[in-house]
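Participant: give me a model of this one.
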Amino acid sequence: MNELNYVPISENDRDALREALKKEIVKCATGRSVLEKKEYHIELKDEKFKTLVSDGELDLAAEIAIEMLEEIKNINKTMRKPEFEELAAKVRSEESTIKKTVLMHGMFSERMKDLIGLAAECMRVGGAYYTFLSGPFITSAIFSAYAVIVDQGENEDLYITCAFFLIRAILKMHSIPD
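Facilitator: Below is the predicted model of the structure:
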């Protein structure tokens, strides 16, 4: 099997993507603010939600989304599409949401686990809320992004699509339905 030799995103591309991610989210601003946080109405798949984040949190969420994609490319060096499809089949066949989450989380590197923790910190979630709601959600979102980009990490269109998906997923970690 050929080894995947992904090239990390360049600093110029990283900066441009971070700004594009933030610009897309800013389009969702309602104009309402609570303290230093702005309210955003965001859509992720068929679900609409509201979230409150500061400019700094939005910047950090964009950076985390990009870092998660870079780490997906690193994980893909050792877990290629056939192995991933085998794992995905196990996840789909599992009835317990907790067991599904554990299976998905098991493929993550320590770096990815750290990024998930950073996303939780950025979005101000923890405790039972994180354990039962936002943690499984972001785990599933990363798993879904991996399913799209596996063995295709250098496909710029897929990379950008996954980046937009992941920033929305990060922002959904602390949200209410809209």
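Participant: isn't Cys28 up against Tyr40?
Facilitator: Yes - with contact defined as CB atoms under 8 Å, Cys28 counts as touching Tyr40 (4.5 Å). In this view, the C-beta of every residue, glycine as well, is placed from N, C-alpha and C.
Participant: please name every helix or strand in contact with the helix or strand where Ile138 lies.
Facilitator: Assigned by DSSP states H and E, Ile138 belongs to helix 135-149. Judged by 3 or more CB pairs under 8 Å, 6 or more residues apart in numbering; DSSP states H and E, helix 135-149 is in contact with helix 55-75, helix 81-93, helix 97-105, helix 110-122, helix 156-172.
Participant: if we can go back for a sec, who's more crowded, Cys28 and Tyr40?
Facilitator: Neighbour totals were compared for Cys28 and Tyr40, and Tyr40 leads with 22 against 17 (other CB atoms under 10 Å).
Participant: helix, strand, or coil at the more buried one?
Facilitator: Secondary structure state of Tyr40, per DSSP: H, G, I helix; E, B strand; the rest coil, is strand.
Participant: what's the neighbour count on Glu95?
Facilitator: By the criterion of other CB under 10 Å, Glu95 has 6 neighbours.
Participant: so who does it touch?
Facilitator: Counting by CB atoms under 8 Å, 6 or more residues apart in numbering, Glu95 touches no other residue.
Participant: distance of it from Ile160?
Facilitator: Applying CB to CB, to the nearest Å, the value for Glu95 to Ile160 is 35 Å.
Participant: likewise for Glu36?
Facilitator: Glu36 is 29 Å from Ile160, by CB to CB.
Participant: ok, these two, which is more surrounded?
Facilitator: Set Glu36 next to Ile160 and count neighbours by other CB under 10 Å: Ile160 wins out with 14 against 11.
Participant: measure the more buried one to Lys45 for me?
Facilitator: 17 Å.
Participant: isn't Tyr159 right up against Ala145?
Facilitator: No - in this structure Tyr159 lies outside contact range of Ala145 using CB under 8 Å: 9.8 Å.
Participant: and the pLDDT at the closest residue to Ile116 other than its chain neighbours?
Facilitator: Distances taken as CB to CB, 6 or more residues apart in numbering place Ile138 nearest to Ile116, at 5.8 Å, with adjacent residues excluded. Here the pLDDT value assigned to Ile138 is 97.
Participant: what sits against Ile138?
Facilitator: By CB under 8 Å, 6+ apart, the neighbours of Ile138 are Ile116, Ala119, Ala120, Ala169, Ile170, Met173.
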